[in-house]
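In: below: sequence and its predicted model.
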Amino acid sequence: MQKFANPARFLKLAETLLPPIWGVTILAFAAGLYMSLVTAPPDYQQGETVRIMFVHVPAAWMALMVYTSMAAASIMAAIFRHPLADMAAKAAAPIGAMFCLLALITGSLWGKPMWGAWWVWDARLTSVFVLLLLYLGYMAVWQAIEDPHRAALIARIVAIAGFINVPIVKFSVDWWNSLHQGASVFRMGGPTIDARMLWPLLIMALAYTLLFVGLLLVAMRSEIAQRKLRQLRLAGIEGR
């Protein structure tokens, strides 16, 4: 990892990886959406409404995964002083917030016909809403503090401390009474979902993951450029 800690090497790697990532992302979304909307059968109870699952569930998975990656990057930055770790966490936050918001919106659209309400203060819904607030709080730290070193320090604390909410979201269905069903894909006894629904769901999850990686690389390139510009401006001010 230290080999790619150098921003110049990272930029070269990103330039190489982005074209194939975007290509595979488009293919994965095309295949996933076709299978989700055409080949997957309607649910025997929910009917066609179940198709929201193929957008909602991967978005919820990604909201958790992205925050986990932010916490891991923050730990790496705190322990190993990895020069790109803070950038990665900062760049990931808006993308994770987007996934989290998408999960909440699609969950609301799914919940109305199933539960008869757009929103309930269910354990899972509430903890995911808290996750969105953590994303927004993390981004607010970077926006509010001008000193990048101080902002990075406080942002690391927010990311690492906020990670406690990730297992709460994951296990909220098991720990408290919830309208959400339990895990049906990632469980000890294996998936309980029909294979005709499972494969589109997994392909959509792959598409979301590739989209995240692509957006992250683009955002990190932009962050590196902004920091270089800031350094040049500071050098120009000090040289006067």
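Out: Done, it's in. Keep in mind it's a predicted model, so treat the numbers as computed, not measured.

In: drop to CA atoms for contacts and neighbour counts, all remaining ones
Out: Noted.

In: give me the number of neighbouring residues for residue 154.
Out: When neighbours are counted by other CA atoms under 10 Å, residue 154 registers 15.

In: so which helix or strand takes in the residue nearest to residue 64 when sequence neighbours are not counted?
Out: Counting by CA to CA, 6 or more residues apart in numbering, residue 166 is the residue found nearest to residue 64 once chain neighbours are left out, at 6.1 Å. Using DSSP states H and E, residue 166 falls within helix 165-175.

In: elements contacting that helix?
Out: helix 53-80, helix 123-144 (3 or more CA pairs under 8 Å, 6 or more residues apart in numbering; DSSP states H and E).

In: and it with helix 123-144, angle?
Out: 170 degrees (axes from the mean of the first three to the mean of the last three CA atoms, to 10 degrees).

In: quick one, the next helix or strand after helix 165-175 and helix 53-80 angle?
Out: Next helix or strand after helix 165-175 toward the C-terminus (DSSP H and E): helix 195-238. Angle of helix 195-238 versus helix 53-80, following the same axes, to 10 degrees, is 40 degrees.

In: counting contacts, what elements does helix 195-238 pack onto?
Out: Against helix 195-238 (3+ CA pairs under 8 Å, 6+ apart) you get helix 7-34, helix 53-80, helix 85-115.

In: buried ones in the last one?
Out: I take that to be helix 85-115. 85-104, 106-111 (16 or more other CA atoms under 10 Å).

In: roughly how far is that helix from the heart of the chain?
Out: 7 Å (CA atoms, centre = their mean, to the nearest Å).

In: okay, the helices and strands packed on helix 195-238 in JSON lines with distance to residue 193 next?
Out: As requested, those are exported to JSON lines (distance: least, CA to CA, whole Å):
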{"stretch": "helix 7-34", "distance to residue 193": "16"}
{"stretch": "helix 53-80", "distance to residue 193": "12"}
{"stretch": "helix 85-115", "distance to residue 193": "18"}
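
In: can you put those in a markdown table and add mean pLDDT and distance to residue 123?
Out: Below are the helices and strands packed on helix 195-238 laid out as a markdown table (pLDDT from 0 to 100; distance: least, CA to CA, whole Å):
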| stretch | mean pLDDT | distance to residue 123 |
| --- | --- | --- |
| helix 7-34 | 93 | 29 |
| helix 53-80 | 94 | 14 |
| helix 85-115 | 90 | 13 |
